[in-house]
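# Predicted model follows, preceded by the sequence.
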Amino acid sequence: MKFSIFGISFLSAYVSVSAEVYFKEQFNDESWAERWTESTTWKPKSEMGSWTLTAGTHYADHNDAGIKTTEDARFFGISAALEKPYSSVDKDLVIQYTIKSDQESFDCGGAYIKLLTGGDKFDSAAFGGEAPYAVMFGPDQCGSTKRTHVILNADKKEENVMIKRDIPADLKNQKTVLYTLVIRSDNTFEVLVDNKSVRTGALVDEFDFLEEKEISDPDVSRPDDWVDERQIPDPESVKPEGYDDIPAEIPDPTATKPDDWDDEDDGEWEAPMNDNPDYEGPWSPKMMPNPDFKGPWVHPKIPNPDYVYDDKLYAVCSEPCTHIGFELWQVAAGSIFDDIIVTDSLEEAQKFAEESFFPKRDAEAVMVEEEEKKKLEEMDNEEDMDDDYVDHDEF
């Protein structure tokens, strides 16, 4: 059963009994610091920024806090263990969290989350950009580049693979945004922003997980006598006699020597030069269709013997994922992260958003609107005071 809130459809509170939650974090009290560990050896201490618990400038409830990056132009690293390991065995993966840009302007930096492997060997103190991961998801923007990363583990290539077509991102100030990634066991995926689908498709189409289905035939090469010149010089085109004698410029025929020109003092007078209308530039023969033209040569394709379809592309956590974390660089700090959930059920994640994200978003919007209204009223009052002011020195 579905119902609608704020124009967005949701599934009802019913969630399949098979749904599992592997991690959930709301940062609602100081105990968060017992679950999360800041990176201390990833970068020198002078390059690392710290995290603080806050509800931000605008909020629905000042007790509804998140962790916020502090100090500009710093690296930030923090991670936590999942409540139980997630393994991609015939099940979906859903990662969802919120971001609020509480800085005056989000100039350049990342705000993405990572799902990590490592188990008991995971080094939380050293967690950083070089640490292996199974999923990297979320916005990253700098200047005109604004994208939502979706980078997934690819066992066959022993590397992580980025989505081929960028998903736009826009980290707006003072606004909490909900980001959701779904990787389904039918080898499809979906990205939702504020619970609205912004990209969906097949993993095999959107990520270069597999070898190409076809390759250029290695036993065939372009024939030496292949002609791909569409036009050739016309052999009957001959340079006109005297063509090279035509000057590019000629003296202005309308110019006359000024009356006050003195040849002894000013030198011999010469008329200014104009472009010659008869000059057509360096000569080149006319072109004609090439009678031997065969068109562009296309390398024949053959089936790639190394191509093998994988019905488990979705299994980014074939090695169980055990941790989650943020490793970021931000020019202007101030991003607040909250309401994180890792589950195998989109319905479970949407239910969590109904309880946490949507009430928060709408209350923040009212608070921002009231603040803007107050600023406009103050500006109007200042203008009225300026109109009422009289400079008595004028009398």
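That came through fine.
# which residues in the stretch 201-350 of the chain form strands?
214-216, 231-233, 249-251, 273-275, 287-289, 301-303, 321-330, 335-343 (DSSP state E, counting those that start in this stretch).
# and those as a markdown table, adding distance to Lys164, mean neighbour count and mean pLDDT?
C-beta coordinates here come from the backbone N, C-alpha and C atoms, glycine included. Listed next are the strands of the stretch 201-350 of the chain as a markdown table, based on distance: least, C-beta to C-beta, whole Å; neighbours: other C-beta atoms under 10 Å; pLDDT from 0 to 100:
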| stretch | distance to Lys164 | mean neighbour count | mean pLDDT |
| --- | --- | --- | --- |
| strand 214-216 | 18 | 14 | 95 |
| strand 231-233 | 37 | 13 | 95 |
| strand 249-251 | 55 | 13 | 93 |
| strand 273-275 | 51 | 12 | 93 |
| strand 287-289 | 39 | 12 | 95 |
| strand 301-303 | 20 | 12 | 96 |
| strand 321-330 | 24 | 24 | 96 |
| strand 335-343 | 25 | 24 | 96 |
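# who wins for proximity to Ala349 among those strands?
Closest approach to Ala349 among the strands of the stretch 201-350 of the chain is made by strand 335-343 (5.4 Å; C-beta to C-beta).
# In the stretch 251-395 of the chain, where is pLDDT below threshold?
Low-confidence segments of the stretch 251-395 of the chain, defined by pLDDT under 70: 377-395.
# for the record, mean pLDDT for the strand ranked longest in the chain?
For the chain, the strand that runs over the most residues, judged by DSSP state E, is strand 74-86. Mean pLDDT, strand 74-86: 96.
# just to revisit the earlier point, got a markdown table for the strands of the stretch 201-350 of the chain, with distance to Ala315 too?
A markdown table is the format used below for these (distance: least, C-beta to C-beta, whole Å):
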| stretch | distance to Ala315 |
| --- | --- |
| strand 214-216 | 26 |
| strand 231-233 | 54 |
| strand 249-251 | 74 |
| strand 273-275 | 71 |
| strand 287-289 | 56 |
| strand 301-303 | 25 |
| strand 321-330 | 11 |
| strand 335-343 | 15 |
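# Between the ones you listed, which one is closest to Asp166.
strand 321-330 (19.1 Å).
# Could you check the angle that closest one makes with strand 335-343?
160 degrees (axes from the mean of the first three to the mean of the last three C-alpha atoms, to 10 degrees).
# and strand 321-330, how far from the chain's centre?
Remark: strand 321-330 is offset 18 Å from the chain centroid, using C-alpha atoms, centre = their mean, to the nearest Å.
# all helices of the protein, in order?
32-35, 203-206, 263-266, 346-388 (DSSP state H).
# Report the backbone C-alpha coordinates of the third one in CSV.
The reference is to helix 263-266. Provided in CSV are the C-alpha atoms of helix 263-266 (Å, rounded to 0.1, in the frame of the first residue of the first chain):
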residue,chain,number,x,y,z
ASP,A,263,58.4,66.4,-48.8
GLU,A,264,61.6,67.7,-47.2
ASP,A,265,60.3,67.5,-43.7
ASP,A,266,57.8,64.7,-43.9
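# What lies in contact with it?
Trp269 (C-beta atoms under 8 Å, 6 or more residues apart in numbering).
# returning to that earlier point: so which of the strands of the stretch 201-350 of the chain is nearest Tyr112?
strand 321-330 (7.4 Å).
# about what we covered before: including distance to Glu241, could the helices of the chain go into a markdown table?
Converted to a markdown table, those look like this (distance: least, C-beta to C-beta, whole Å):
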| stretch | distance to Glu241 |
| --- | --- |
| helix 32-35 | 91 |
| helix 203-206 | 64 |
| helix 263-266 | 38 |
| helix 346-388 | 79 |
